[in-house]
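1. Here you go, sequence then predicted model.
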Amino acid sequence: MTVIDNHDALLQEGDLSLSEAGARDYFELLKPRVMSLVVFTAFAGLVVAPGHINPVLAIIAILCVAVGAGASGALNMWYDADIDAIMTRTSRRPIPSGRVSPQEALAFGLVLSGFSVAILGLAVNWLSAGILAFTIFFYAVIYTMWLKRSTPQNIVIGGAAGAFPPMIGWACVTGTITIESIALFLIIFLWTPAHFWALALFKMRDYEAVGVPMLPNVAGERTTKNQILVYAVLTVLSGISPSLLGFASLGYGLAAAVLGAGFLLCSIGVWRMADGDQKMVPAKKLFAYSIVYLFAIFSALMLDHLAGVLMSAGGAA
């Protein structure tokens with residue numbers, strides 16, 4: 001049975017019967033680990049944006065982003081249930097394991113999508129809601145349904161979906177898209193390829209089994225390692241950019257440079273790794289560090305902004 005046949009069979013099965021899913025199963029559909037990163041970067045964008053937002057509206061905004069991110073995850077799991085059933089790291093997800101039917105996952109994702117966008121627009125502003133709607137569409141349709149199975153550049157283009165949250169947070173406060181919010185977008189956008197290609201290197205067999213054209217499977221390990229190094233350099237530069245653009249201090253710039261040096265060293269480790277290395281230790285190290293890097297960069301931005309606010313308040317006093 002082909003992957004496409006598998007996909008159609010799962011959908012038909014979901015149309016015929018409903019599962020006895022529990023709350024934990026639906027929560028797992030939201031991809032909570034991915035959601036946490038999305039919420040964190042959206043919160044960072046909201047915090048560092050100039051201006052003020054009512055705390056209640058800020059909470060509503062972050063909740064809407066969380067629900068929207070979860071909706072994207074549910075729609076992704078609905079469409080990818082066929083390949084999730086084959087890949088070792090995803091075979092126990094709610095749909096392939098039979099705990100949630102595809103029909104339920106689709107309905108769940110669509111309802112949450114509409115709810116999150118509508119509430120954000122009504123409560124905060126329609127620009128942020130529009131970006132959230134586009135983010136859900138981009139991840140569920142452009143990336144999941146089109147790019148993921150058609151091109152080895154799926155992660156490069158599809159990475160935009162994960163890069164929009166800080167722009168949403170920024171738009172919630174300012175009602176605008178500016179060069180600063182684009183800089184925040186670029187940090188995540190340029191970080192994504194090295195992060196996911198590191199994962200793809202040590203999960204090559206999984207992707208090969210389901211026919212997803214990840215770069216290591218299509219272009220080979222050496223090309224992937226070269227591109228990881230290129231994107232690592234771009235990630236380091238983008239991480240420093242808030243300081244260069246003047247909306248973060250020199251202290252932040254130094255912290256970003258140190259964090260970036262760690263990212264670059266891990267990437268060099270992958271680049272120097274022998275082709276065919278079965279253990280893939282450098283790739284696993286880069287994947288783990290890349291997550292730490294992104295959390296640390298946005299934490300540093302928020303701390304830098306808070307320090308600036310406190311200094312301004314102290315000077316005014």
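-> Yes, it's here.

2. For the rest of this, base every contact and every neighbour count on C-alpha atoms.
-> Noted.

3. Quick check: can you list the domain ranges of this protein?
-> Following automatic domain parsing, one finds the domains of the chain at 1-177, 178-311.

4. Just the mean pLDDT for the first one, thanks.
-> Looking at domain 1-177 alone, the average pLDDT works out to 90.

5. How about the contacts made by residue 304?
-> 248, 249, 251, 252 (C-alpha atoms under 8 Å, 6 or more residues apart in numbering).

6. Just the ones of those residues in helices?
-> Within the contacts of residue 304, residues falling in helices by DSSP state H are 251, 252.

7. Just the buried ones out of the contacts of residue 304, please.
-> In terms of neighbour count (16 or more other C-alpha atoms under 10 Å), the buried residues within those are 248, 249, 252.

8. one step back: which pair in the contacts of residue 304 has the greatest spatial separation?
-> Greatest spatial distance in these: 248 and 251, 8.1 Å, computed using C-alpha to C-alpha.

9. Distance of the residue nearest the centre of the chain relative to residue 108?
-> The centroid of the chain falls nearest to residue 162 when counting by C-alpha atoms, centre = their mean (3.3 Å). Taking C-alpha to C-alpha, to the nearest Å as the criterion, residue 162 is separated from residue 108 by 21 Å.

10. one step back: using JSON lines, please lay out the contacts of residue 304 together with pLDDT.
-> Rendered in JSON lines, the data for the contacts of residue 304 read as follows (pLDDT from 0 to 100):
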{"residue": "248", "pLDDT": "97"}
{"residue": "249", "pLDDT": "97"}
{"residue": "251", "pLDDT": "96"}
{"residue": "252", "pLDDT": "98"}
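
11. Dump the buried ones among the contacts of residue 304 into a markdown table; add distance to residue 310 as well.
-> Shown next, in a markdown table, are the buried ones among the contacts of residue 304 (distance: C-alpha to C-alpha, whole Å):
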| residue | distance to residue 310 |
| --- | --- |
| 248 | 14 |
| 249 | 14 |
| 252 | 15 |
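
12. Tell me the one among the residues you listed nearest to residue 210.
-> Nearest to residue 210 out of these is residue 252 (C-alpha to C-alpha; 42.6 Å).

13. and the closest residue to residue 116 other than its chain neighbours, what helix or strand is that in?
-> Ranked by C-alpha to C-alpha, 6 or more residues apart in numbering and with sequence neighbours excluded, the top spatial neighbour of residue 116 is residue 64, at 4.7 Å. Element membership of residue 64, judged by DSSP states H and E, is helix 55-79.

14. Can you list the buried residues in that helix?
-> Residues 58, 60-79 are the ones in helix 55-79 that count as buried (16+ other C-alpha under 10 Å).

15. go on, stretch 187-206?
-> Within stretch 187-206, the residues that qualify as buried by neighbour count (16+ other C-alpha under 10 Å) are 187-204, 206.

16. Tell me which of those residues fall in helices.
-> Among these, the members falling in helices (DSSP H) are 187-202, 204, 206.

17. quick one: pLDDT of residue 222?
-> Note on residue 222: pLDDT of 96.

18. For it, grab phi and psi.
-> With angles defined as degrees, to the nearest 10, residue 222 sits at phi -60, psi -50.

19. thought it was touching residue 273?
-> No. Between residue 222 and residue 273 there is no contact, the gap being 9.2 Å when judged by C-alpha atoms under 8 Å.

20. Centre of the chain to the top helix by length along the chain, how far?
-> For the chain, the helix reaching the highest residue count under DSSP H is reported as helix 281-316. Between the mean C-alpha point of helix 281-316 and the mean C-alpha point of its chain there is a distance of 17 Å (C-alpha atoms, centre = their mean, to the nearest Å).

21. buried ones in that helix?
-> Burial within helix 281-316, assessed by neighbour count using 16+ other C-alpha under 10 Å, is assigned to 282-287, 289-290, 293-294, 297-298, 300-305.

22. what do you get for stretch 232-248?
-> Residues 232-243, 247-248 are the ones in stretch 232-248 that count as buried (16+ other C-alpha under 10 Å).

23. before we move on, back to that, which SS state does the residue nearest to the centre of the chain fall under?
-> The three-state label for residue 162, taken from DSSP: H, G, I helix; E, B strand; the rest coil, comes out as helix.

24. check contacts around it.
-> Counting by C-alpha under 8 Å, 6+ apart, residue 162 has contacts 38, 135, 188, 189.

25. Looking at these, spot the one nearest residue 145.
-> The closest of the contacts of residue 162 to residue 145 turns out to be residue 135 (C-alpha to C-alpha; 14.0 Å).

26. Please list all residues in contact with the closest residue to that closest one other than its chain neighbours.
-> With C-alpha to C-alpha, 6+ apart as the measure, residue 161 is the residue that lies nearest to residue 135, at 5.2 Å, once sequence neighbours are left out. Residue 161 is in contact with 135, 136, 138, 139, counting by C-alpha under 8 Å, 6+ apart.
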